[in-house]
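Asks: What would the 3D arrangement of this be:
(chains A and B)
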Protein chains: 2
Amino acid sequence: MTGAGTDWTALDALPDPAVVVAPDGTVVHATPLLGRLLRRAANELAGRPVAEAVPLLEETGRDWWACRRPLDPDPGTRRLPETELTLVDHAGGHRPVLLTARRAAGEQAALVVVLRRGERRRRLDAARSELVSTVSHELRSPLTSVKGFVKTLLTKWEQFTDAQRRQMLATVDADADRVTRLLGELLDVSRIDAGRLPLRRSMIDLADVADQVIQRVD
Amino acid sequence: MTGAGTDWTALDALPDPAVVVAPDGTVVHATPLLGRLLRRAANELAGRPVAEAVPLLEETGRDWWACRRPLDPDPGTRRLPETELTLVDHAGGHRPVLLTARRAAGEQAALVVVLRRGERRRRLDAARSELVSTVSHELRSPLTSVKGFVKTLLTKWEQFTDAQRRQMLATVDADADRVTRLLGELLDVSRIDAGRLPLRRSMIDLADVADQVIQRVD
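Replies: Modelled structure (predicted):
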């Protein structure tokens, strides 16, 4: 179906950048979207060695073409699962891409590669890590306070009056409350993430809610 | 380039399932991989209304074709960004897919759609939410213990001897330590996730490490 003489221009209509590679490692066809991604005219890519024309790096910074050897025939796996790589454009810019590829049996083409832009997904991942990190840091400060007061009470017990001890404990209590509240919020976020936060719908008095918020700010 | 008479068979070599839709909403070409995903021969899909042949649901369960109206001409956006949808196969099975699509200007084709399987990414997302949820729950039990002892101490202060008070505080101290340790681990995970955990390489005595682990288990 896709042997010698295949007309690859149909790939130009794809929503994702794509490249067809010959068994000798040269580019047979590059779509205009790939050209745009590489900051190069797509027709200048044809005939060039793909490792140079479409430089892809693994997470470790190594050349994906050299390390993964996707052009080698492998009867076991025709499709390469989605892989996160870095594309180096012809201006030297690095951008995350999500690659899928499929080995072809034809003489004209050994591999068809499709790239998707990975920025959005990387941003989402980063935002999520950021959230966990922020919440964890926020949990730390009241927790440090709890630890500090308890340690001080334990080591210098005799030096405090009963009233002082109880006051320190009240502070510990308030800080522990804050840790608990933050932790509840973190759990809510993980539930929203997993689509497991059940929404309880109920009628509310908007004016009442507004009053409460104003009082809290005042 | 991709007008009337375009030969879409080149799409059959793609690593991802794809479908070409005519302006009237019928399937012009479906690739064998799409057929496999739908549990249907690809050639049985051609000529059928795409909303029936390739049923796609939004997260809310609504029909993506009807709600998003991707076949309507829209001079503003030719490419639809990657969207997480659910594909309903012809046996009634639901599977997550990541769709990209591109509007074509030709008379023969209005839209080219590429799907990627979304199971792996959904699994990764779920695993990550699960981790946050597990750690949060693990943080809860020592925290509840901290809260309980402090509350009891504060409300029943006079009923305890000094020795009892100090013993309760020691328990609070140990639990707060556990919360701090778990929190540190959560932070490490978020750093690994963000690729920001610096590895400090050093020589270790393997026999020594093994001894320590054995002692801990004994």
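Asks: Spit out the contact partners of the closest residue to residue A:77 other than its chain neighbours.
Replies: In this structure, residue A:77 finds its nearest non-sequential neighbour in residue A:103, 7.7 Å apart by Cβ to Cβ, 6 or more residues apart in numbering or on different chains. (Glycine included, C-beta is placed from N, CA and C.) Listed by Cβ atoms under 8 Å, 6 or more residues apart in numbering or on different chains, the contact partners of residue A:103 are A:70, A:73-74, A:77-80, A:110-111.
Asks: any idea which of the residues you listed is the one closest to residue A:31?
Replies: residue A:111 (14.5 Å; Cβ to Cβ).
Asks: wouldn't that closest one be in contact with residue A:68 here?
Replies: No - counting by Cβ atoms under 8 Å, residue A:111 stays clear of residue A:68, with 10.8 Å between them.
Asks: out of the two, which sits in the busier spot?
Replies: residue A:111 (22 against 17; other Cβ atoms under 10 Å in any protein chain shown).
Asks: What's the local residue count around the nearest residue to the more buried one once chain neighbours are set aside?
Replies: In this structure, residue A:111 finds its nearest non-sequential neighbour in residue A:21, 4.4 Å apart by Cβ to Cβ, 6+ apart. Residues lying near residue A:21 (other Cβ under 10 Å) number 27.
Asks: Check the one 4 residues further on too.
Replies: Using other Cβ under 10 Å, residue A:25 is surrounded by 16 other residues.
Asks: what do you get for residue A:18?
Replies: Residue A:18: 27 surrounding residues under other Cβ under 10 Å.
Asks: try the one 4 residues further on
Replies: Other residues lying near residue A:22 total 20 when counted by other Cβ under 10 Å.
Asks: now do residue A:26
Replies: Residue A:26 has 16 nearby residues by other Cβ under 10 Å.
Asks: Contacts only, for it.
Replies: Shown in contact with residue A:26 (Cβ under 8 Å, 6+ apart): A:47-50.
Asks: and the helix ranked longest in chain A, which residues are buried?
Replies: Ranked by residue count under DSSP state H, the longest helix found in chain A is helix A:119-155. Buried positions in helix A:119-155, judged by neighbour count with 16 or more other Cβ atoms under 10 Å in any protein chain shown: A:121, A:125, A:128-129, A:131-133, A:135-136, A:139-140, A:142-143, A:145-147, A:149-150, A:153.
Asks: Any chance of the backbone angles for the residue nearest to residue A:77?
Replies: phi -80, psi 140 (degrees, to the nearest 10).
Asks: picking that back up, quickly check: the longest helix of chain A near chain B or not.
Replies: Yes - contact of helix A:119-155 with chain B (Cβ under 8 Å from any Cβ of the partner chain) involves A:120-121, A:125-126, A:128-130, A:132-133, A:136-137, A:139-140, A:143-144, A:146-147, A:150-151, A:153-154.
Asks: about what we covered before: the residue nearest to residue A:77 pairs with what?
Replies: Taking DSSP bridges, one obtains residue A:111 as the residues bridged to residue A:103.
Asks: Look up how far residue A:23 lies from it.
Replies: 10 Å (Cβ to Cβ, to the nearest Å).
Asks: joint contacts of those two?
Replies: With Cβ under 8 Å, 6+ apart, residue A:103 and residue A:23 have common neighbours residue A:110.
Asks: Let me know the secondary structure of residue A:92.
Replies: coil (DSSP: H, G, I helix; E, B strand; the rest coil).
Asks: quick one: contacts of stretch A:188-199?
Replies: With Cβ under 8 Å, 6+ apart as the criterion, stretch A:188-199 contacts A:128, A:131, A:135, B:125-126, B:128-130, B:132-133, B:136.
Asks: Looking at the residues you listed, spot the one nearest residue A:200.
Replies: The nearest member of those to residue A:200, counting by Cβ to Cβ, is residue B:133 at 19.6 Å.
Asks: Retrieve the pLDDT associated with the residue nearest to the closest one when sequence neighbours are not counted.
Replies: Among residues not flanking residue B:133 along the chain, residue A:190 sits closest, at 4.3 Å (Cβ to Cβ, 6+ apart). pLDDT recorded at residue A:190 is 73.
Asks: likewise the one 3 residues further on?
Replies: Per-residue confidence at residue A:193 stands at 69 (pLDDT).
Asks: And for residue A:80, the neighbour number?
Replies: Residue A:80: 17 neighbours (other Cβ under 10 Å).
Asks: how much space between it and residue B:13?
Replies: Distance, residue A:80 to residue B:13, by Cβ to Cβ: 13 Å.
Asks: any residues in contact with both of these two?
Replies: The contact lists of residue A:80 and residue B:13 share residue A:102, where a contact means Cβ under 8 Å, 6+ apart.
Asks: Strands along chain A, start to end?
Replies: For chain A, the strands defined by DSSP state E occupy A:18-21, A:27-30, A:56-57, A:79-88, A:94-103, A:111-117.
Asks: Adding mean pLDDT, write these out as TSV.
Replies: Shown next, in TSV, are the strands of chain A (pLDDT from 0 to 100):
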stretch	mean pLDDT
strand A:18-21	96
strand A:27-30	95
strand A:56-57	97
strand A:79-88	93
strand A:94-103	95
strand A:111-117	95
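Asks: hey, which of these is tucked in deepest?
Replies: Mean neighbour count, computed with mean count of other Cβ atoms under 10 Å in any protein chain shown, is highest for strand A:18-21 among these, reaching a mean of 26.
Asks: so how far is that strand off the chain centroid?
Replies: Relative to its parent chain, strand A:18-21 has a centroid offset of 25 Å by Cα atoms, centre = their mean, to the nearest Å.
Asks: What is it packed up against?
Replies: Counting by 3 or more Cβ pairs under 8 Å, 6 or more residues apart in numbering or on different chains; DSSP states H and E, the packing neighbours recorded for strand A:18-21 are strand A:27-30, helix A:32-38, helix A:50-53, strand A:111-117.
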